[in-house]
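S.K.: Predicted model and sequence follow; I will ask about them next.
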Amino acid sequence: MADLSKLRNMGIIAHIDAGKTTISERILFYSGKSHKIGEVHDGDATMDWMEQEQERGITITSACTQVDWKGHCFNLIDTPGHVDFTVEVERSLRVLDGVVANFCAVGGVQPQSEKVWLQSERYDVPKLVFVNKMDRVGADFFGVVDQVTNNLGSNPVPINIPIGAEDDFKGMIDLFKMKAIMYDDSDDSLGANFELVDIPEDLQELAEQWREHLVEKIVETDDELMESYLETCEAPSEEILRKTLRKACINMEIVPCLCGTALRNKGVQDLLDAVIDFLPSPLDVNEVTGCDIDDKDIPMTRKLINDEKFSALAFKVMADKHMGKLTFTRIYSGVLEAGSYVINANTGKKERVGRIVLMHAREMKQIKKAEAGDIVAIIGLSNTRTGDTLCAEDAPIKLESIDFPEPVISLSINPVDKAAREKLSIGLQKLAEEDPTFVVTRNEETEETIISGMGELHLDILVDRLKREFGVEADVGTPEVAYKETITGVVKDFEHKHVKQTGGSGQYAHVVFTLEPSEKNAGFDFVDQIKGGVIPKEFIPSIPKGIKPALEKGPYAGYPVEDVKLTLTFGSYHDVDSSDMAFQLCARTAFKEAFLKAKPQLLEPIMAVEITCPDEYTGNVTGGISSKRGVIEGMDMRGQTRILKGSVPLCEMFGYSTEIRTITKGRGEFTMIFDHYAPVPAGIAKEVVEKRRAEGKVR
């Protein structure tokens with residue numbers, strides 16, 4: 001891409017079923033990338049290429065493509081909307097310059113759309129809002145704009161407004177040109193043909209009100225424009241308004257809002273024009289920041305141009321049965337050529353770039369080189385994982401990586417026979433490389449393989465992929481919640497000596513410490529207050545090192561330990577018998593004993609739940625949530641539909657999709673996302689601990 005000003009690295013983010021993939025399919029069609037429109041409900045959407053996506057009608061993995069529109073090149077990423085696949089959104093947002101936040105005109109700001117919005121804010125990604133499904137019963141464009149303001153704390157500004165709604169949705173009014181966009185509804189046109197006409201007389205006053213609102217919002221972002229506007233009461237020219245809005249959008253001061261209905265082929269072309277006009281090019285981003293690979297406190301930058309030294313971020317890894325390992329990469333600076341060598345700044349290893357390909361969903365187009373701003377896939381990087389930085393050998397830099405949420409649900413999976421064991425191991429390894437939120441562990445006591453993920457659907461899809469892609473037949477256990485454990489009490493001056501005499505030199509270590517709760521989300525805090533050398537400096541690191549296994553598998557119920565503080569205050573050693581191993585063993589045993597005396601507590605994941613159901617079933621739904629130890633925290637009405645928001649322990653929500661359909665006769669639905677960890681009631685905690693001990697999962 002020679003002219004970076006005409007490149008847009010953009011994605012589409014939204015709640016599940018808001019129409020992201022439907023928009024993507026129209027973009028492919030109107031840009032000429034495809035010659036027919038694929039439909040999600042027919043299972044033939046280009047961007048939903050996985051068998052599981054086509055069967056379930058949902059997006060599971062983010063898909064990349066490249067399209068041209070009016071002399072501009074778009075690198076487009078279509079992301080999933082289901083919370084279980086939030087990793088796909090997270091890593092896409094890390095490398096995108098701008099996104100389209102897609103909202104259903106009926107559902108508005110829903111839980112997952114709120115989550116992905118906040119993710120985009122964390123990465124400072126400028127946004128456009130597209131209010132989709134204006135043809136649905138209950139569609140309310142201005143209501144959604146209000147929700148974006150009130151629920152997301154943003155500054156949405158409509159740049160077009162709808163002409164009608166529901167069955168009467170005809171098109172939009174362009175508030176810059178003050179013209180109506182009317183579409184040819186014939187089957188042959190498929191929305192490709194439209195014309196600008198005069199605004200209908202009955203909408204003229206409304207259009208003028210929103211035009212004035214648009215002008216005022218734009219000039220508020222520029223002091224000179226504001227002063228001129230107040231003096232003359234004349235709006236700036238369309239060119240100046242667009243230029244100023246572009247700057248405000250890139251600075252995240254304003255979010256331009258548009259509307260349409262992708263399924264009925266209205267509004268997508270206007271959205272593409274807005275992407276060009278208001279979302280940033282790589283040149284607007286200016287530079288990427290990182291640090292020295294050996295010292296994170298030394299900041300470094302790279303300008304987003306070809307003349308800089310090469311730097312890139314691997315944001316996704318995917319296994320392809322024909323090509324092997326594909327590493328999706330955003331090039332930030334410099335040029336990458338096929339056959340060249342790069343350094344992985346995270347591992348320090350040298351890697352050879354085999355081939356470089358442009359992706360169109362699952363199709364590949366081989367290219368000789370990739371330049372600054374490009375999003376490509378690299379074949380041949382065997383030791384690169386998601387979040388790793390690739391850079392020039394003579395100019396190393398480590399870019400900001402990607403943070404991923406911890407799994408909240410686990411289940412056991414074991415091969416049905418010895419022949420399947422190797423297949424299972426290979427399949428799990430490849431899937432774990434692809435998905436950082438998919439964790440595989442081995443329980444040595446029970447000889448079980450445990451897989452952990454973000455939800456029931458997440459693990460269900462992965463087990464299905466093991467069967468289809470890797471030919472693995474396995475027995476799968478029931479889902480288990482990813483509990484954690486901590487302490488609520490303080491144990492002062494806990495003392496333990498490790499003395500073991502065998503033939504020859506023995507083992508000796510002695511520690512005294514205080515164990516207490518630490519701040520929330522602090523993990524494990526180790527404080528060394530040893531004075532006078534009663535424990536030599538070389539043995540101090542042995543103490544947290546020895547405790548580490550007990551933190552990973554807690555003394556209380558065998559779950560990870562968090563938010564504890566250990567202050568080492570005293571101890572002793574022996575000139576001959578003390579060693580690194582002796583202090584490790586001493587610290588581990590002492591920690592376990594002290595932990596059990598410090599009023600241990602089990603913590604469980606609490607989910608933020610939003611339930612949509614007809615108003616007549618509200619009582620049954622709230623009663624069901626209460627029986628699950630849940631709390632309803634808010635209610636809202638949208639038309640005849642009741643929206644319930646609350647929080648419920650994850651362990652109570654298994655199988656709820658079937659339950660809600662039964663309660664509401666198939667008319668209710670729900671979404672949930674992880675919110676926080678909270679203490680488990682004593683009675684339930686006792687049951688969990690006793691079960692874990694009976695299963696031999698606690699030493």
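M.R.: Nice, I can see it. Numbers count the residues shown, from 1 in each chain.
S.K.: Below-threshold pLDDT in the chain: ranges please.
M.R.: Applying pLDDT under 70 to the chain flags the ranges 1-2, 35-61, 81-84, 185-190, 322, 443-447, 502-504, 639, 699.
S.K.: ok now do residue 388, which residues does it touch?
M.R.: Residue 388 makes contacts with 313-314, 344-347, 401, as judged by C-beta atoms under 8 Å, 6 or more residues apart in numbering. Where you see a C-beta, it was placed from the backbone N, CA and C, and this is true even at glycine.
S.K.: In TSV, list these along with distance to residue 590.
M.R.: Compiled in TSV, those are given as follows (distance: C-beta to C-beta, whole Å):
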residue	distance to residue 590
313	43
314	42
344	39
345	39
346	35
347	35
401	35
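S.K.: Any figure for the gap between the residue nearest the centre of the chain and residue 437?
M.R.: Nearest to the mean C-alpha position of the chain, by C-alpha atoms, centre = their mean, lies residue 90 at 3.0 Å. With distances taken as C-beta to C-beta, to the nearest Å, residue 90 is found 9 Å from residue 437.
S.K.: so what sits against both of those two?
M.R.: Contacts common to residue 90 and residue 437, judged by C-beta under 8 Å, 6+ apart, are 404-405.
S.K.: Now do the helices in the stretch 551-699 of the chain.
M.R.: Under the criterion DSSP state H, counting those that start in this stretch, the stretch 551-699 of the chain contains helices at 580-597, 618-627, 656-663, 682-694.
S.K.: Give me whichever of those is most buried.
M.R.: Highest mean neighbour count of the helices of the stretch 551-699 of the chain: helix 580-597, a mean of 21 (counted as mean count of other C-beta atoms under 10 Å).
S.K.: Who are the packing partners of it?
M.R.: Contacts defined by 3 or more C-beta pairs under 8 Å, 6 or more residues apart in numbering; DSSP states H and E place helix 580-597 against strand 491-500, strand 507-517, helix 542-552.
S.K.: What about residue 461? Give its phi and psi, please.
M.R.: Main-chain torsions, residue 461, degrees, to the nearest 10: phi -60, psi -40.
S.K.: Can you tell me how far it is from residue 468?
M.R.: 10 Å.
S.K.: and those two? which has more neighbours close in?
M.R.: residue 461 (24 against 12; other C-beta atoms under 10 Å).
S.K.: and the gap between that one and residue 453?
M.R.: Applying C-beta to C-beta, the value for residue 461 to residue 453 is 9 Å.
S.K.: returning to what we had before: out of the helices and strands packed on helix 580-597, deepest packed?
M.R.: Greatest average neighbour count among the helices and strands packed on helix 580-597 goes to strand 507-517 (a mean of 22), per mean count of other C-beta under 10 Å.
S.K.: so how far is that strand off the chain centroid?
M.R.: Its chain's C-alpha centre and that of strand 507-517 lie 40 Å apart, by C-alpha atoms, centre = their mean, to the nearest Å.
S.K.: Same check on stretch 214-224?
M.R.: Distance of stretch 214-224 from the chain centroid (C-alpha atoms, centre = their mean) equals 34 Å.
S.K.: Please apply the same query to stretch 584-604.
M.R.: 34 Å.
S.K.: Can I get it in PDB? Just the C-alpha atoms.
M.R.: Output of stretch 584-604 as PDB, limited to C-alpha atoms (Å, rounded to 0.1, in the frame of the first residue of the first chain):
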ATOM      1  CA  GLN A 584      11.900 -24.400  49.500                       C
ATOM      2  CA  LEU A 585      10.500 -27.400  51.300                       C
ATOM      3  CA  CYS A 586      10.400 -25.600  54.600                       C
ATOM      4  CA  ALA A 587       8.500 -22.600  53.100                       C
ATOM      5  CA  ARG A 588       6.000 -24.700  51.200                       C
ATOM      6  CA  THR A 589       5.100 -26.800  54.300                       C
ATOM      7  CA  ALA A 590       4.900 -23.700  56.500                       C
ATOM      8  CA  PHE A 591       2.700 -21.800  54.000                       C
ATOM      9  CA  LYS A 592       0.200 -24.700  53.800                       C
ATOM     10  CA  GLU A 593      -0.100 -25.000  57.500                       C
ATOM     11  CA  ALA A 594      -0.400 -21.200  58.100                       C
ATOM     12  CA  PHE A 595      -2.900 -20.900  55.300                       C
ATOM     13  CA  LEU A 596      -5.300 -23.400  56.900                       C
ATOM     14  CA  LYS A 597      -5.000 -21.500  60.200                       C
ATOM     15  CA  ALA A 598      -5.700 -18.100  58.500                       C
ATOM     16  CA  LYS A 599      -9.500 -18.700  58.000                       C
ATOM     17  CA  PRO A 600      -9.300 -19.800  54.400                       C
ATOM     18  CA  GLN A 601     -12.200 -18.800  52.100                       C
ATOM     19  CA  LEU A 602     -13.400 -20.100  48.700                       C
ATOM     20  CA  LEU A 603     -14.100 -17.500  46.000                       C
ATOM     21  CA  GLU A 604     -16.500 -18.100  43.000                       C
END
